[in-house]
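[1] below are the sequence and a predicted model; questions follow.
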Amino acid sequence: MTNSKTAIVVLGAGLGTRMESDLPKVMHPLAGRPMIRHLIETLETLQPTRMTIVVGGDMETVAREVAPYPTVVQKDRLGTGHAVMAAREALADFEGDVLVVYGDTPLLSAETLGRMLDARRSADNPAVVVLGFRPEHPGAYGRLMVDGEGHLQAIVEAKDAGPEQLAVNLCNSGVMAVDGRKLFDLLDRVGNDNAKGEYYLTDIVEIACADGLTCGVVEGGEAELLGINSRADLAQAETMLQDDLRASAMAEGATLVDPSTVFFSADTKLGRDTTVGPYVVFGSGVTVGDNVTILPFCHLQDVTIEQGASVGPYARLRPGARIGADAHIGNFVEIKNASVEAGAKVNHLTYIGDARVGAKANVGAGTITCNYDGFFKDHTDIGAGAFIGSNTSLVAPVKVGDGAITGAGSVIVRDIPADSLALTRGPHRENADWARKFRERRGREKAAKAEKKE
Ligand code: UD1
Ligand code: MG
């Protein structure tokens with residue numbers, strides 16, 4: 001699908017009014033990253049000569065997201081045709097094919113776009129090729145008017161359509177491949193005398209036909225052509241994307257015990273023979289090695305897990321957690337910006353933040369690294385083979401030497417040399433029979449009080 005003469009214009013200036021959001025529509029995330037990024041990555045596989053993204057005046061976030069591709073600003077949002085006009089300078093002297101795609105159609109496949117370009121270059125040399133589809137509910141999509149020979153005559157927007165036109169179920173996905181030598185001549189003649197008072201890109205079809213040029217249709221599947229205009233559409237796209245991500249994870253050798261309950265980010269990487277239990281959520285930036293077990297109800301983000309490790313149930317691995325080979329992270333454990341080295345165990349009710357847990361160290365239940373004093377974060381270093389007793393508070397910055405032991409309940413504020421025991425709890429005292437005598441005395445006092453009342 002490589003070609004040297006395709007320019008791509010991505011339209012992303014629309015306000016996305018129906019999203020009811022302060023975020024530009026194309027920045028809404030799908031599988032953990034902005035929808036426009038999904039699209040850009042697909043478009044890159046076509047190796048276009050140029051790619052320009054049309055954005056609104058207040059959309060620096062979009063410009064940053066699509067960099068290094070240039071953006072042009074469409075100041076007044078006067079419609080999709082007007083938006084393509086904003087790219088006029090960026091396409092000056094370009095004579096190849098121009099592919100126009102809408103930033104709110106992020107599930108497009110490279111294969112379909114390839115078919116569009118092939119059609120544009122076919123023998124009957126259509127000036128415009130439109131990607132059509134037959135959605136179950138055509139609703140607000142523009143309708144494609146096709147003649148008996150399959151040539152496209154016009155695109156009629158739903159708001160401007162009469163009942164007969166609305167009955168047509170072949171719809172406009174928004175993707176167009178246009179002869180670059182003709183595009184701006186056609187656009188110059190688009191007016192705004194329509195229901196929305198906008199300059200519709202879709203009108204170039206009728207204008208081209210009036211010029212005696214041919215226009216064609218390529219059909220694609222509904223799933224990849226979903227246009228996202230509302231939060232409900234966004235949720236539908238997320239569901240479809242998640243299904244794809246689950247299928248690829250399994251195809252690459254991971255077991256998902258209940259696939260429909262596992263949520264991935266687009267960049268999640270799972271190794272072979274890794275098993276993921278139900279209700280696990282992968283935020284962005286997670287890489288998991290081979291033979292790892294992730295038990296139910298875990299949340300992971302920006303984390304690396306090496307082979308053979310076991311995580312969960314109910315573990316939270318936050319950014320910068322690095323779990324070494326064969327390490328065990330158990331229930332209700334939170335790890336942040338810390339490495340737990342090979343074979344170490346942090347099994348119960350523990351917070352490890354800004355720390356290193358050395359190889360084969362064992363961290364007891366309820367251990368907390370006290371890493372933050374309200375101003376600064378400090379590091380805790382636990383040496384290889386150390387044993388941290390249950391309910392130890394490690395007040396950072398602090399270092400536990402290799403093989404050292406802390407007694408349960410200790411508050412550790414100083415470095416501990418290798419192989420030493422540190423114990424900071426108060427001494428164990430006993431008072432023989434005290435409890436029994438206490439109960440008897442208090443019992444008598446209570447009974448005396450009750451008698452007085454009567
Ligand atoms: C558009 C099509 C419709 C098609 C549908 C497919 C037109 C006139 N209509 O309708 O035929 O069925 O997409 O999803 O083209 N945009 C700008 N500047 C503007 C207006 C829009 O950049 O002034 C961008 C938006 O950011 C969006 C895209 O163009 O990415 C489409 O705009 P939108 O308002 O969503 O058009 P639809 O009503 O969905
Ligand atoms: Mg739309």
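    Noted; the coordinates are in hand. Ligands and ions are numbered 1, 2, ... in the order given.

[2] ok, the residue of the stretch 151-300 of the chain found nearest ligand 1 - contacts?
    Residue of the stretch 151-300 of the chain nearest ligand 1, by CB to the nearest ligand atom: residue 227 (2.7 Å). No exception for glycine: its C-beta is placed from N, CA and C like everyone else's. Counting by CB atoms under 8 Å, 6 or more residues apart in numbering, residue 227 makes contact with 102, 104, 105, 141, 173, 174, 233.

[3] identify the residue spatially nearest to the first one, adjacent ones excluded.
    In other words, residue 102. Once flanking residues are discounted, residue 102 sits nearest to residue 174: 3.9 Å by CB to CB, 6 or more residues apart in numbering.

[4] surely that neighbour is in contact with residue 103?
    No - Residue 174 sits out of contact with residue 103 when judged by CB atoms under 8 Å, with a separation of 9.6 Å.

[5] with neighbour numbers in mind, choose between those two.
    Neighbour count, other CB atoms under 10 Å: between residue 174 and residue 103, residue 103 has more, with 28 against 22.

[6] now that one: how far from ligand 2?
    Computed as CB to the ion, to the nearest Å, the residue 103 to ligand 2 distance reads 9 Å.

[7] how about the nearest residue to whichever residue of the stretch 51-200 of the chain sits closest to ligand 2, chain neighbours excluded?
    Of all residues in the stretch 51-200 of the chain, residue 104 sits closest to ligand 2, at 4.7 Å by CB to the ion. Take residue 104 and drop its neighbours on the chain: the residue closest to it by CB to CB, 6+ apart is residue 228, 4.6 Å away.

[8] how about residue 115?
    The shortest distance from residue 115 to any residue other than its chain neighbours is 5.3 Å, reached at residue 218 (CB to CB, 6+ apart).

[9] quick one: the helices in the stretch 101-250 of the chain?
    Along the stretch 101-250 of the chain, counting by DSSP state H, counting those that start in this stretch, helices occupy 110-120, 163-166, 183-187, 204-210, 231-251.

[10] packing partners for the fourth one?
    Just to be clear, that refers to helix 204-210. Applying 3 or more CB pairs under 8 Å, 6 or more residues apart in numbering; DSSP states H and E, one finds that helix 204-210 makes contact with strand 128-133, strand 152-156, helix 183-187, strand 215-219.

[11] that one near ligand 1 anywhere?
    No - for helix 204-210, no contact with ligand 1 is found by CB under 6 Å from any ligand atom; the gap never falls below 10.1 Å.

[12] same question for the third one.
    No - counting by CB under 6 Å from any ligand atom, no contacts exist between helix 183-187 and ligand 1, the nearest distance being 12.1 Å.

[13] residues in contact with that helix?
    Contacts for helix 183-187 (CB under 8 Å, 6+ apart): 81, 84-85, 88, 91, 98, 127-128, 178, 199, 201, 204, 207-208, 211.

[14] what is the neighbour count of the closest residue to residue 378 other than its chain neighbours?
    Once flanking residues are discounted, residue 378 sits nearest to residue 396: 3.6 Å by CB to CB, 6+ apart. Counted by other CB under 10 Å, the residues lying close to residue 396 total 21.

[15] ok, residue 396 touching residue 376?
    No - the criterion here is CB under 8 Å, and residue 396 misses it with residue 376 at 9.4 Å.

[16] hang on, residue 296 packs against residue 277?
    Yes - applying CB under 8 Å as the test, residue 296 and residue 277 come out as touching, 3.9 Å apart.

[17] show me which of these two is the more surrounded one.
    Under the neighbour definition other CB under 10 Å, residue 296 and residue 277 were set side by side, and residue 277 has more, 20 against 16.

[18] contact partners for the more buried one?
    Contacts for residue 277 (CB under 8 Å, 6+ apart) come out as 257, 258, 293, 294, 295, 296, 297, 298, 312, 313.

[19] buried by neighbour count, from those: which ones?
    Among those, those classed as buried by 16 or more other CB atoms under 10 Å are 293, 294, 295, 296, 297, 298, 312, 313.
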